[in-house]
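Asker: Pasting the sequence and the predicted coordinates here, then a few questions.
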Amino acid sequence: MAKLCVNIDHVATVRQARRAIEPDPVYAAVIAELCPGVAGITLHVREDRRHVQDRDLLTLRQLIKIKLNLELAPVAAMLELAEATRPTQGTLVPERRQEVTTEGGLDVAGQEALIRNAVARLQAAGLLVSLFIDPRSEQIKAARQTGAEAVELNTAAYAESATAEEQRRSRDLLAEALQMANREGLIVHAGHGLTYRNVSAVAALPGIEELNIGHSIVARSIFVGFERAVTEMVQLIERACPAEPAIA
Ligand code: PXP
């Protein structure tokens, strides 16, 4: 059954808009951890430190008992930070300075040696490694070759579909990629652009272990509070998930 990992980056975005001390993404993570059904906290320490700061990661590493999933670019400085802090999981993502958010998945097929090296370093530091990729067969095959345990399928194309037909097609591509990744022995996560309105069709796909969702939860929390926003997302995911097979 898919489990929610709450991405707290955009709590930090609001704080950094004023270079202030609030709202504190660490508070958000603690509230999320207290919400039944939340499996993890996700944060992206970007090279330009535009939202999450090193202090957030260090504090969360000491406080959070559920999964702590660090999104990071496969570059020396970020690998060193992951090795020094040792969160539960590292999700390798592409990063470009000018982008508003992560654009597209990691090109694992095009830089297999570099990614394999990054995966090995993170695994040696005790992290479970996931690769954020577009739902394409060549990327899944390449991901398998790197030795990563998991892939996170990029749901941006699904989330940004202009029509219902386009959305159905994107969901079918996600379903095919999911099956292929499972056949390759990879754990499958998914995320990017998921909202209260579009999450159910993805959560309903059998075989997804983790959904990483941030912006939509933080946006809603402004109006209904963080605890309620997180709880409502957990409930939507749980209602959509296919039933677990009964134990004989
Ligand atoms: N997964 C990855 C790899 C991401 O980079 C992001 C954005 O930080 C997310 C999931 C969450 O996306 P959103 O904020 O749109 O829910």
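Answerer: Yep, it's here.

Asker: what comes into contact with the longest helix along the chain?
Answerer: Ranked by residue count and defined by DSSP state H, the top helix of the chain is helix 164-183. Residues from elsewhere that reach helix 164-183 (Cβ atoms under 8 Å, 6 or more residues apart in numbering): 135-137, 140, 143, 151, 153, 155, 157-158, 161, 188, 190, 198, 201-202, 205, 207-208. All C-beta atoms are positioned from the backbone trio N, CA, C, and that covers glycine.

Asker: Identify each buried residue in that helix, please.
Answerer: Of the residues in helix 164-183, those buried by neighbour count under the rule 16 or more other Cβ atoms under 10 Å are 167, 170, 171, 173, 174, 175, 177, 178, 180, 181, 182.

Asker: For the residue nearest the centre of the chain, give me its contacts.
Answerer: The chain has residue 212 as the residue nearest its centroid, 3.7 Å off, counting by Cα atoms, centre = their mean. Under the criterion of Cβ under 8 Å, 6+ apart, the contact list for residue 212 reads 5, 7, 42, 69, 91, 152, 189, 190, 191, 192.

Asker: just checking: which of the residues you listed also lie near the ligand?
Answerer: For the ligand, the contacts drawn from the contacts of residue 212 by Cβ under 6 Å from any ligand atom are 7, 91, 152, 191, 192.

Asker: Can you tell me which of these lies closest to the ligand?
Answerer: The shortest separation between the ligand and any of those is 3.3 Å, and it belongs to residue 191 (by Cβ to the nearest ligand atom).

Asker: Can you show me the helices along the chain?
Answerer: Counting by DSSP H, the helices of the chain are 9-17, 25-34, 54-63, 76-85, 112-124, 137-146, 156-159, 164-183, 199-203, 215-224, 226-240.

Asker: Up against the ligand, what does this protein have?
Answerer: Where proximity means Cβ under 6 Å from any ligand atom, the interface of the chain facing the ligand comprises 7, 9, 44, 71, 91, 93, 101-102, 132, 152, 191-194, 212-216.

Asker: Return the members of those residues classed as buried.
Answerer: Listed as buried from those are 7, 9, 44, 71, 91, 93, 102, 132, 152, 191-194, 212-216; burial here means 16+ other Cβ under 10 Å.

Asker: low-scoring stretches of this structure, by residue?
Answerer: Judged by pLDDT under 70, the chain has its weakly predicted residues at 97, 245-248.

Asker: can you give me the angle the longest helix of the chain makes with helix 137-146?
Answerer: In terms of direction (axes from the mean of the first three to the mean of the last three Cα atoms, to 10 degrees), helix 164-183 departs from helix 137-146 by 30 degrees.

Asker: Begin at 26 from now on, thanks
Answerer: Okay, using 26 as the starting number, the last item reads as helix 189-208.

Asker: Give me the distance between helix 189-208 and the centre of its chain.
Answerer: Taking the mean C-alpha point of helix 189-208 and that of its whole chain, the gap between them comes to 18 Å (Cα atoms, centre = their mean, to the nearest Å).

Asker: Could I get the CA-only coordinates of it as CSV?
Answerer: As requested, C-alpha coordinates have been extracted for helix 189-208 and formatted as CSV (Å, rounded to 0.1, in the frame of the first residue of the first chain):
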residue,chain,number,x,y,z
ALA,A,189,-8.7,13.9,-19.1
GLU,A,190,-7.6,11.8,-22.1
GLU,A,191,-4.0,13.0,-21.7
GLN,A,192,-4.1,12.2,-18.0
ARG,A,193,-5.4,8.7,-18.7
ARG,A,194,-2.5,8.1,-21.1
SER,A,195,0.0,9.4,-18.6
ARG,A,196,-1.4,7.2,-15.9
ASP,A,197,-1.2,4.2,-18.2
LEU,A,198,2.5,5.0,-18.8
LEU,A,199,3.1,5.2,-15.1
ALA,A,200,1.3,1.9,-14.6
GLU,A,201,3.5,0.2,-17.3
ALA,A,202,6.7,1.7,-15.8
LEU,A,203,5.6,0.6,-12.3
GLN,A,204,5.1,-3.0,-13.5
MET,A,205,8.4,-3.0,-15.3
ALA,A,206,10.3,-1.6,-12.3
ASN,A,207,8.7,-4.2,-10.0
ARG,A,208,9.7,-7.0,-12.5
